[in-house]
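Asker: Generate a structure from the sequence data that follows.
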Amino acid sequence: MNSDIFIPELETETAHDYRSGSRICTRVAGVTFDGRQLVIARLSIGENILLRREPTNPYDPNAISVECQNGWQIGYLNRHLSAMLAPFFDTYQQTVHGNVHCITGSLRQGYSLGVVITFSVP
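Answerer: Below is the predicted model of the structure:
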């Protein structure tokens, strides 16, 4: 057995140096709560989505919500990414637009749907 095998460190969102205009492609977190699976089932690839800061969120003061154009919630950016991006959103003070990149998973028993989105840092 070769003991010289190199296993690179896994890249995480906390390792990035984001700047205004950086393009981000990420999974949406919290998609299995509050009927969000039904919302995701109605999404289309390329559909416009909205990202809004929720500074009064009781679970995460850096929370950034991901929503459909009609206001239905899809989920949230994950905690680590939200912590990095909250200052950009706070400075911008407007809703950020993005798109559905792909939909993953299934609604079959035992599975759930997921969403990958793209957007630019404000």
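Asker: quick one: low-confidence ranges for the protein?
Answerer: By pLDDT under 70, the low-scoring segments of the chain are 1-15.
Asker: ok, now with 80
Answerer: Per-residue confidence for the chain (pLDDT under 80) gives these ranges: 1-16, 109-110.
Asker: So which bits of the top strand by length along it are buried?
Answerer: In the chain, taking DSSP state E as the definition, the longest strand is strand 96-105. Along strand 96-105, these residues count as buried under the neighbour rule (16 or more other CB atoms under 10 Å): Val96, Gly98, Val100, His101, Ile103. (C-beta placed from N, C-alpha, C; glycine too.)
Asker: The last one contacts Gly114, correct?
Answerer: Yes - Ile103 lies in contact with Gly114 (CB atoms under 8 Å); the separation is 7.1 Å.
Asker: mind listing the helices for this structure?
Answerer: For the chain, the helices defined by DSSP state H cover 36-41, 79-92.
Asker: Would you mind giving the ones you listed as TSV with mean neighbour count and distance to Asn62 added?
Answerer: Listed next are the helices of the chain as TSV, based on neighbours: other CB atoms under 10 Å; distance: least, CB to CB, whole Å:
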stretch	mean neighbour count	distance to Asn62
helix 36-41	17	20
helix 79-92	17	4
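Asker: Tell me the bridge partners for Arg52.
Answerer: Under DSSP bridges, the beta-bridge partners of Arg52 are Ser65.
Asker: which ones are touching it?
Answerer: Ile64, Ser65, Glu67, Thr95, Val96 (CB atoms under 8 Å, 6 or more residues apart in numbering).
Asker: thinking again about what came up before, residues that sit against both of Ile103 and Gly114, list them.
Answerer: Common contact partners of Ile103 and Gly114 (CB under 8 Å, 6+ apart): Ile40.
Asker: Next, format the helices of the chain as TSV and append distance to Ser22.
Answerer: As requested, these are arranged in TSV below (distance: least, CB to CB, whole Å):
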stretch	distance to Ser22
helix 36-41	25
helix 79-92	9
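Asker: Which one of those lies nearest to Arg23?
Answerer: Closest to Arg23 of those, according to CB to CB: helix 79-92, at 12.6 Å.
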